[in-house]
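**Student:** With the sequence up front, the predicted model follows.
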Amino acid sequence: MKSLLITGGAGFIGSHVVREFVNKYPEYQIINLDALTYAGNLENLTDVQDKPNYSFVKVDITDAVAVNEVFERFKPDGVIHLAAESHVDRSITNPTEFVMTNVIGTVNLLNAAKELWKDGFEGKRFHHVSTDEVFGALGEEGLFTESTKYDPHSPYSASKAASDHFVRAYHDTYGLPIVLTNCSNNYGPNHFPEKLIPLCIHNILNNKPLPIYGNGKYTRDWLFVIDHAKAIDLVFHQGKNGDSYNVGGFNEWQNIDLVKELCKQMDEKLKRDAGTSEKLITYVKDRPGHDLRYAIDATKINKELGYEPSVTFEEGLGKTIDWYLANQDWLNHVTSGQYATYYEKQYN
């Protein structure tokens, strides 16, 4: 049985990756390693928590001793590394925390994998999941490719860029079998409601303002999280050793247009008069170093591995809204912090 360690598996993207692998590969033993910080929530995985091929361990990747113990105990053949601090605003407030988790934590994992696999790299793989924000910002035209020069603008993106460089350095220096993916903005079920889409859904439900930075013209490429999980599966199994792949949704939206589309769908689903939710839009002071536009060129993964998104943004947004409306207990637990109290009693 192949043993696969997924870090950050209780988080937004990680929980969907865990679910994809647990359900699709019953012959794999899936170990979910997560520190259960504010964004880690085991309620995201109640549907797979009792599967025989799933295990959870609470470990902070900044603790090298604890990381080494996990590798010695489970002896994973593969690692999919998603654990990261990822919120730009939080990185501006506390950049050191991002350095510790995203850089030191990644190096701890690389060291543990290198030590465990020192007798042979055959059949082993370290998949590092990164972001398009390492490439900086684009003007009104152009796309990020795998060869785009790194140009991070926030403490968050700088920490992810550093972690990318370490992953590549371990391949070049030690021969560690690695692949990288750089993804665009994700959205979908289980997204922590500090991010734009779930925040707006929550605020519309509670008739609270919808905060939009600056003039709302910031543009992002949006990727449905379930499609991202499937792309990670493809790259982990079929990607070329030492290579990187951009994963995008082919869905560029300005923030203001995205929120207006969300308002429209919410009014329809909640049977409110058209335009009701849009009245909640409120423009707020811009954040420092805010990148104007990100856009991913996913041609490589499309041509080499046959990847393509399964839904348009409008379809994916509709599925996302439906999930939040059907899971308002989850949303209330997250916004109140109740989930953290519950699982803290179990794993502390």
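**Tutor:** Yes, it's here.
**Student:** Look up phi and psi at the closest residue to I212 other than its chain neighbours.
**Tutor:** Taking CB to CB, 6 or more residues apart in numbering, and ignoring the residues beside it in sequence, I212 has Y283 as its nearest neighbour in space, at 5.2 Å. (C-beta placed from N, C-alpha, C; glycine too.) Here the main-chain torsion angles of Y283 (degrees, to the nearest 10) amount to phi -80, psi 130.
**Student:** Could you list which residues are in contact with Y283?
**Tutor:** Applying CB atoms under 8 Å, 6 or more residues apart in numbering to Y283 gives the contacts 211-216.
**Student:** Swap in 10 Å and give it another go.
**Tutor:** By CB atoms under 10 Å, 6 or more residues apart in numbering, the contact list for Y283 reads 209-216, 256.
**Student:** Over to V67?
**Tutor:** If a contact means CB under 10 Å, 6+ apart, then V67 has 5, 7, 33, 59-61, 105, 108-109, 111-113 as its contacts.
**Student:** ok, it to L116 distance?
**Tutor:** Per CB to CB, to the nearest Å, V67 is found 11 Å from L116.
**Student:** same thing with E268?
**Tutor:** For E268, the distance to L116 under the criterion CB to CB works out to 52 Å.
**Student:** Which one's more surrounded, these two?
**Tutor:** Set side by side, E268 and L116 show more neighbours around L116, with 17 against 13, by other CB atoms under 10 Å.
**Student:** hang on, that one packs against G78?
**Tutor:** No - using CB atoms under 10 Å, L116 is not in contact with G78; the gap is 11.1 Å.
**Student:** joint contacts of these two?
**Tutor:** Residues touching both L116 and G78 by CB under 10 Å, 6+ apart: K124.
**Student:** Tell me how many other residues surround E20.
**Tutor:** E20 is flanked by 19 other residues according to other CB under 10 Å.
**Student:** all strands of the stretch 1-150 of the chain, in order?
**Tutor:** When secondary structure is read from DSSP state E, counting those that start in this stretch, the stretch 1-150 of the chain shows strands at 3-7, 29-34, 54-58, 78-81, 125-131.
**Student:** could you check the angle strand 3-7 makes with the last one?
**Tutor:** Read that as strand 125-131. 20 degrees (axes from the mean of the first three to the mean of the last three CA atoms, to 10 degrees).
**Student:** again with the third one
**Tutor:** Here strand 54-58 runs at 40 degrees with respect to strand 3-7, directions being taken by the same axes, to 10 degrees.
**Student:** which residues sit against strand 54-58?
**Tutor:** When contacts are taken as CB under 10 Å, 6+ apart, the neighbours of strand 54-58 outside the stretch itself are 3, 5, 9-10, 18-19, 21-23, 28-36, 40, 42, 45, 48-49, 66, 69-70, 73-74, 343-344, 346-348.
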